[in-house]
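Asker: give me the fold of what follows.
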Amino acid sequence: MQVLNLLKALRITITQTTRNYSQEYVPKPLRSLKAKSTRNTVQFYVDSFRVRTVAGNGGNGCISFLSAWCKEHAGPDGGDGGHGGHVIFQATHTVKSLNHCKTVVTAKHGEKGYNKDCNGKNAPHIIVPVPLGTLVKDETGRVLADLAREGVMFVAARGGAGGRGNKFFLTDTQQAPDIAEIGAAGEWKTYQLEVRSMAHVGLLGFPNAGKSSLLRALTRARPSVAPYPFTTLRPHIGMVPYDDYEQVAIADLPGLIPGSHKNYGLGIQFLQHVERCRGLIYLLDGTSDPQLQYRTLTNEIRQYNKKLTERPSCIVVNKIDLKEGRQSFERMKRNVQVIGVSAKTGLNLGELLKVVREMYDSGEAEKVEMQ
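Answerer: Numbering: from 1, shown residues only. Model (predicted):
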């Protein structure tokens with residue numbers, strides 16, 4: 001009895017200690033000690049892609065008559081043609097982007113029929129893997145399919161059926177049919193693929209605000225960095241690992257300019273990237289009136305989609321290692337809650353990563369409540 005009581009007391013103590021530890025524990029980001037790759041190939045993220053699917057045609061049926069040594073007119077023996085291949089989109093967790101997709105996806109044609117009742121081969125189907133949560137839209141923008149679960153398929157283009165040979169048309173009254181079917185033509189269709197969720201957090205800011213430099217400092221991604229605007233034309237994704245085995249995806253989005261909601265430049269296309277991020281980081285250039293930048297960015301987001309302003313967000317002023325950036329940060333933090341960082345020197349990046357994790361946790365909590 002004494003041993004049992006001792007074990008119960010020990011179990012209670014361990015449970016209380018574990019609870020206290022879980023309440024006080026704050027996940028910390030892991031810093032990789034491995035050097036970044038020196039390859040020139042730069043990986044970018046494609047979240048919207050236009051693809052034309054061409055299915056295979058069916059094989060033609062065969063017209064043939066068997067002539068055996070023991071019977072000169074043994075009857076028709078023409079085989080059927082094979083079916084053409086389909087083009088299929090399949091959702092899978094093994095791919096995260098659409099950058100592997102081809103502009104035109106073509107399936108093979110079915111094989112024609114042969115004599116001696118030999119049917120042609122069916123063409124194999126072409127299966128294009130797409131990320132989970134991919135939306136398939138037609139040319140008018142109507143959503144045809146939502147590939148949200150693992151293994152879900154959408155037949156984008158159906159292959160043509162194979163034609164039947166003259167053996168199929170043999171009847172009691174028609175003993176020598178000399179007709180066969182031509183294989184049906186496969187479908188030709190055009191689709192717009194869009195990945196519904198691109199990243200957990202997106203870096204939103206003006207051109208040359210330092211978004212690519214900040215992504216390089218936070219993750220192992222290697223977007224292009226240059227001293228001229230619009231260096232980033234396509235999103236880049238970087239992963240931030242934490243010590244509780246969670247990974248947060250951060251996207252470097254192309255820069256916005258005033259009037260983007262009116263499609264100035266490539267405004268609408270860039271704003272669509274913002275729409276696919278769960279949280280937003282307003283990255284402001286501390287050397288060029290960050291308050292005006294913030295008002296402009298929020299106005300563009302509001303004009304494009306008011307719901308985007310309700311997503312988790314934070315304000316970050318970059319380049320505080322410079323005198324102008326430090327002064328702008330000091331003035332701005334009097335009015336709003338803002339974080340000052342330096343992507344070049346790594347100043348205050350730890351504090352930013354804590355806020356990123358809080359945004360990620362709040363988004364996950366909201367998703368659980370919705371389910």
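Asker: in contact with residue 338, which residues?
Answerer: Neighbour list for residue 338: 315-317, 329, 332 [criterion: CB atoms under 8 Å, 6 or more residues apart in numbering]. Where C-beta positions appear, they are placed from N, C-alpha and C, glycine not excepted.
Asker: next: residue 312.
Answerer: By CB under 8 Å, 6+ apart, the contact list for residue 312 reads 278-280, 359, 362-363.
Asker: residue 350 is in what secondary structure piece?
Answerer: Element membership of residue 350, judged by DSSP states H and E, is helix 349-370.
Asker: actually residue 327, sorry about that
Answerer: Per DSSP H and E, residue 327 falls inside helix 323-332.
Asker: who does that helix touch, helix- and strand-wise?
Answerer: The helices and strands touching helix 323-332, judged by 3 or more CB pairs under 8 Å, 6 or more residues apart in numbering; DSSP states H and E, are helix 290-304, strand 313-318, strand 338-340.
Asker: low-confidence stretches in the stretch 201-350 of the chain?
Answerer: Along the stretch 201-350 of the chain, the parts satisfying pLDDT under 70 run over 226-233, 260-269.
Asker: in three-state terms, label the residue lying closest to residue 110 once chain neighbours are set aside for me.
Answerer: Excluding its sequence neighbours, the residue lying closest to residue 110 (CB to CB, 6 or more residues apart in numbering) is residue 82, at 3.3 Å. Classification of residue 82 using DSSP: H, G, I helix; E, B strand; the rest coil returns coil.
Asker: residue 99 now?
Answerer: Assigned with three-state DSSP, residue 99 falls in the coil class.
Asker: next up, the contacts around the closest residue to residue 282 other than its chain neighbours.
Answerer: Excluding the flanking residues, the one nearest residue 282 by CB to CB, 6+ apart is residue 315, at 4.9 Å. Contacts for residue 315 (CB under 8 Å, 6+ apart) come out as 282, 284, 294, 332, 336-339.
Asker: among the residues you listed, who's most crowded?
Answerer: The residue in the contacts of residue 315 with the most neighbours, by other CB atoms under 10 Å, is residue 284 (30 neighbours).
Asker: in what helix or strand does that residue lie?
Answerer: Using DSSP H and E, residue 284 sits within strand 277-285.
Asker: mind giving me the packing neighbours of that strand?
Answerer: The elements that strand 277-285 packs onto, with contact taken as 3+ CB pairs under 8 Å, 6+ apart, are strand 199-205, helix 290-304, strand 313-318, helix 349-370.
Asker: quick one: residues in contact with it.
Answerer: For strand 277-285, the surrounding residues in contact (CB under 8 Å, 6+ apart) are 197-206, 208-211, 214, 251, 253, 274, 290, 293-294, 297-298, 301, 308, 311-319, 325, 356, 359-360, 363.
Asker: quickly find the element holding the residue located most distally from the centre of the chain.
Answerer: Distance from the C-alpha centroid of the chain peaks at residue 70, with 65.3 Å (CA atoms, centre = their mean). Using DSSP H and E, residue 70 maps to neither a helix nor a strand.
Asker: residues contacting it?
Answerer: Counting by CB under 8 Å, 6+ apart, residue 70 touches no other residue.
Asker: pLDDT score for it?
Answerer: For residue 70, the model assigns a pLDDT of 71.
Asker: tell me which of the helices and strands packed on helix 323-332 is the most buried.
Answerer: The highest average neighbour count among the helices and strands packed on helix 323-332, using mean count of other CB atoms under 10 Å, belongs to strand 313-318 at a mean of 24.
Asker: tell me where the stretch 51-200 of the chain has strands.
Answerer: Using DSSP state E, counting those that start in this stretch, the strands of the stretch 51-200 of the chain run over residues 65-66, 75-76, 87-91, 104-106, 126-130, 134-137, 143-147, 153-157, 188-195, 199-205.
Asker: what is the burial count for residue 187?
Answerer: Neighbours around residue 187, by other CB under 10 Å: 19.
Asker: OK, contacts around it?
Answerer: Residue 187 makes contact with 53-55, 157-159, according to CB under 8 Å, 6+ apart.
Asker: could you redo the last one with a cut-off of 7 Å?
Answerer: By CB atoms under 7 Å, 6 or more residues apart in numbering, the residues touching residue 187 are 55, 157-158.
Asker: sorry, back to before: ok, the contacts of residue 338 vs residue 128, which is closest?
Answerer: Using CB to CB, residue 316 comes nearest to residue 128 of the contacts of residue 338, at 37.8 Å.
Asker: so who does that closest one touch?
Answerer: By CB under 7 Å, 6+ apart, the contact list for residue 316 reads 281-284, 339, 341, 352.
Asker: could you dump these into JSON lines with distance to residue 102 added?
Answerer: Shown next, in JSON lines, are these (distance: CB to CB, whole Å):
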{"residue": "281", "distance to residue 102": "33"}
{"residue": "282", "distance to residue 102": "36"}
{"residue": "283", "distance to residue 102": "34"}
{"residue": "284", "distance to residue 102": "39"}
{"residue": "339", "distance to residue 102": "42"}
{"residue": "341", "distance to residue 102": "40"}
{"residue": "352", "distance to residue 102": "38"}
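Asker: so what's residue 203 closest to, chain neighbours aside?
Answerer: residue 211 (4.3 Å).
Asker: settle this for me: that neighbour is touching residue 202, isn't it.
Answerer: No: counting by CB atoms under 7 Å, residue 202 is not a contact partner of residue 211; they are 9.4 Å apart.
Asker: break the chain into its domains for me.
Answerer: Domain segmentation of the chain under automatic domain parsing yields 45-196, 197-370.
Asker: endpoints of the first one, how far apart?
Answerer: Domain 45-196 has an end-to-end distance of 13 Å (criterion: CA to CA, to the nearest Å).
Asker: what's the local residue count around residue 156?
Answerer: 26.
Asker: check the residue nearest to it when sequence neighbours are not counted and give its pLDDT.
Answerer: Among residues not flanking residue 156 along the chain, residue 53 sits closest, at 4.3 Å (CB to CB, 6+ apart). Per-residue pLDDT puts residue 53 at 95.
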